[in-house]
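Trainee: structure for this input, please:
(2 chains)
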2 protein chains.
Amino acid sequence: MNPKIVVELQNIVGESCVFTDEDTRKNYGHDETEDYNFPPQVVVKPKTPEEISAIMKLATQNKIPVTPIGAKTGLSGGALSIYGGIGLSMERFNSIIEVDDKNLQVIVEPGVITQVLKDAVAEKGLFYPVDPSSLGSCFIGGNIAENSGGARAVKYGVTKDYVLNLEVVLPNGEIIWTGANTLKNSTGYNLTQLMVGSEGTLGIITKIVLKLIPKVTHTILMLVPFYKAEQACEAVSAIFRAGIVPSALEFMERDAIDWTMKFVEGVSVPIKEEVQAHLLIEVDGNYPEVLFQEAEKITEVLEQFEIDEVLFADTEDQKNALWKLRRAVGEAVKSNSVYKEEDTVVPRYALPILLKGVKDAGKKYGFHTVCYGHAGDGNLHINIVKGDMSDENWITEVPKGIVEIFELTVQLKGTLSGEHGIGYVQKDYMPLAFNTAELNLMKGIKKLFDPLGILNPGKILNM
Amino acid sequence: MNPKIVVELQNIVGESCVFTDEDTRKNYGHDETEDYNFPPQVVVKPKTPEEISAIMKLATQNKIPVTPIGAKTGLSGGALSIYGGIGLSMERFNSIIEVDDKNLQVIVEPGVITQVLKDAVAEKGLFYPVDPSSLGSCFIGGNIAENSGGARAVKYGVTKDYVLNLEVVLPNGEIIWTGANTLKNSTGYNLTQLMVGSEGTLGIITKIVLKLIPKVTHTILMLVPFYKAEQACEAVSAIFRAGIVPSALEFMERDAIDWTMKFVEGVSVPIKEEVQAHLLIEVDGNYPEVLFQEAEKITEVLEQFEIDEVLFADTEDQKNALWKLRRAVGEAVKSNSVYKEEDTVVPRYALPILLKGVKDAGKKYGFHTVCYGHAGDGNLHINIVKGDMSDENWITEVPKGIVEIFELTVQLKGTLSGEHGIGYVQKDYMPLAFNTAELNLMKGIKKLFDPLGILNPGKILNM
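Mentor: Residues are numbered from 1 along each chain as shown, chains lettered A, B, ... in the order given. Sure thing, here's the model as predicted:
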């Protein structure tokens, strides 16, 4: 990095917020995606949209790549500085500007941890329902960049469903608002939803207006053991067809729950040997008597499948323990072996077909998979674990299997990523989901926002 | 229109589906926007995406404007053939392709009437909740083009919240799908939501995949008379802050309800002279006992305001009568006088300020307004009625008032249109809502999709 650029960056954000030492650069060179590390040449920690605007003007003049970096919890490599350049850490954008309980909205900066935001609005009797598994460490800005989902999406929707308006710094340094702070909007093209899920490739989000809903007071949580994994997937659709919209409907294969119980202390559930998979089912609402009726309806639906005894979480502690178990699956699998994770999503009735296809691909190409995820949304996280597979097969055979899994996903009217994004690791597979005309439109949008290709280059699209 | 073009159009769709007679052209030259009529030079009624693709290739070669036309119920002039050319009627795209009760989805063509769609999914126990007031005559494709709302948006969201995937013919004739048939999607830029609300300016929608929800079985509907119109607006926000999300929360000024009772036969409600406005409030759900509790909570909230006796609709007939009354307000106002309608939307707590601002602008510039709308969403329909105002003042003074109303709207963090779109009649006001950088992005998107500017020219943006 040209030392003159470093000095100019120091002039913009102050010397104490510019870092060129190797440790810092390496620390900002990774997220939670496999074991990748692409360090930026310089890490900058701005505090205001105006500072980011100045940085982007400098980057534009000098054609320097800029990669926005959030909490580094991403699973598709969106925050990796593939081409070096400036790593733009958003960690100092950490204010909750206003919890507006009159309009049920919150204005927040992107570097606020999702759980902190949820707690702050809960204090005013409000509810921000989106809860990615990393909610204790991820940033709300990153959630918007990736259009994060999570367990409650099945009832409450994903991040995009709560974003009303965004302040964004464009690659050329201009500052815009994408919409208005309203629940309805038919005024021009929807720039807000173009920004959500664009993985930091179109602009840098600096303020966020989110819709909130009134708090929900009661939940019932149950863990259901299935003797056949595919029947667990079938039950998902059956519950909805009975007219019930659970607030969570999570699927875990046997390995996922076993590995996680070993990984997380103090969480243990007795499981019979023959059990292949579990569903974790939650209903929520403000009227306990209604929840009991819904839970009863669900157990009636479940009776048509081969299940073991349903475990109801009786106390808050038991509920927290089950959620802790579910949320730690990703990390548990990661700790167990080198792995690759796919984030496939299909219409929920197609889940059993997808699961069978994943296992078939594994048999064909010699890899083991551990599957779990948000079954209510048809969103299956497929962890391909290396285990004792040879390095050669890992490199040559696994990608063939991934292509087959993605082809099946698309054939089932699904797509590559439900909530983790395409980022760096999935971009070569985009032509499996989109034809040339579709990809050309996306490339055209990228060029419109970022004609020099300096903002988060090397992500989503090969161009 | 060059006769050779007419012949080529006949070759594409068949002679019986091409019209050049004046009556047909005039009939396809209007929608429900004031008294505008901009007839196309030729009306074409294609049946398949491939036919539309061929028409767009022909239009591209010959630089002929093409205006997509739905049910002609629009309120912003989106379907007017401002520059003549080809009027592309979508009325033959009238099939419900599949009601998928396993995945809670429906695949539908754009020319299906919204109520027909709602009825078809209801037969399978499913619910498509979006209900614009024109639901008995508007097309689902038009709803998507304008991102229509309606009374139930306050609880269930607007059209965009149900659109999963779209088949679209681009201006150059290419056929694309915008996404996947999934509830979650983090795979590339959100072309689906870019298309929703783009008012037929980016592409022609030919197939639609919508999300559905399980049916809801019970409602309670009440009509609440307020002695002060601004208190009715204040009550809206108070109901939400009490933790209740009504399924409808509609506001009607005194004139709106009086004029409508005269206009619609068989619907009459006794109203005291001092009553200035009404709220029509609905709660819905599957558990009647819960609805009674919610209705009781609402009446408790209402006690803090100056209201007359609440009218509960006891029977389905009474409910239908009240909804008929509410839905006919627009037509009733229209039948009463020459008028202009604004579709302002603000955060709901700002409604009383907006209402006062509207009345102040009316006093200042000498016009009378009748206001009503979806108060739960902060969406106020402002009907400026000509009455006995002079033609000169109508032309010179009213636009000044509209500018002031829009400026106030934007200052309140709201925007120009909540659900009717910008179309032809509001496009000159767009710079009140967006800065140059924002408008340039929108213009860039239009150029990317439609470099020759042949698709629905003269709408949304001045370019």
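
Trainee: hey, let's count contacts and neighbours off CA atoms from now on
Mentor: Noted.

Trainee: tell me the confidence at the residue nearest to residue A:68 when sequence neighbours are not counted?
Mentor: With sequence-adjacent residues excluded and distances taken as CA to CA, 6 or more residues apart in numbering or on different chains, residue A:68 is closest to residue A:88, at 4.6 Å. pLDDT recorded at residue A:88 is 98.

Trainee: beyond the strand or helix carrying residue A:88, next helix or strand please.
Mentor: In the assignment (DSSP states H and E), residue A:88 maps to strand A:86-89. The helix or strand immediately downstream of strand A:86-89 is strand A:96-100, counting by DSSP H and E.

Trainee: for that next one, give me every contacting residue.
Mentor: Residues from elsewhere that reach strand A:96-100 (CA atoms under 8 Å, 6 or more residues apart in numbering or on different chains): A:105-109, A:112, A:117, A:120-121, A:124.

Trainee: alpha carbons of the lowest-mean-pLDDT helix or strand in chain A, as CSV, please.
Mentor: None of the helices or strands of chain A scores lower by mean pLDDT, DSSP states H and E than helix A:329-336, at a mean of 88. Taking C-alpha atoms only, helix A:329-336 is exported to CSV below (Å, rounded to 0.1, in the frame of the first residue of the first chain):
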residue,chain,number,x,y,z
VAL,A,329,-24.5,-27.2,15.6
GLY,A,330,-22.5,-25.1,13.1
GLU,A,331,-19.6,-24.6,15.4
ALA,A,332,-19.7,-28.2,16.6
VAL,A,333,-19.4,-29.6,13.1
LYS,A,334,-16.6,-27.1,12.3
SER,A,335,-14.7,-28.2,15.4
ASN,A,336,-15.0,-31.8,14.3
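
Trainee: list the buried residues of it.
Mentor: Neighbour-count burial for helix A:329-336 flags A:329-330, A:332-334 (criterion: 16 or more other CA atoms under 10 Å in any protein chain shown).

Trainee: swap in stretch A:233-242?
Mentor: Of the residues in stretch A:233-242, those buried (16+ other CA under 10 Å) are A:233-241.

Trainee: so for that stretch, mean pLDDT?
Mentor: For stretch A:233-242, mean pLDDT is 91.

Trainee: again with stretch A:8-26
Mentor: For stretch A:8-26, mean pLDDT is 98.

Trainee: what's the end-to-end length of that stretch?
Mentor: Start-to-end span of stretch A:8-26 (CA to CA, to the nearest Å) is 22 Å.

Trainee: equivalent analysis for stretch A:12-24, please.
Mentor: The first residue of stretch A:12-24 is 19 Å away from its last residue (CA to CA).

Trainee: one more: stretch A:73-84?
Mentor: End residues of stretch A:73-84 are separated by 19 Å (CA to CA).

Trainee: give me the residues contacting it.
Mentor: By CA under 8 Å, 6+ apart, the residues outside stretch A:73-84 that reach it are A:28-34, A:36-41, A:65-70, A:72, A:87, A:134, A:137-138, A:142, A:199-200, A:420-426, A:456-459.

Trainee: now, of these, which are buried?
Mentor: When these are checked for burial by 16+ other CA under 10 Å, the buried set is A:28-34, A:37-41, A:65-70, A:72, A:87, A:134, A:137-138, A:142, A:199-200, A:420-426, A:456-459.

Trainee: which of the residues you listed fall within helices?
Mentor: Of the positions in these, residue A:142 sit in helices, assigned by DSSP state H.

Trainee: what about the buried ones among the contacts of stretch A:73-84, which are in strands?
Mentor: Those of the buried ones among the contacts of stretch A:73-84 mapping onto strands are A:66-69, A:87, per DSSP state E.
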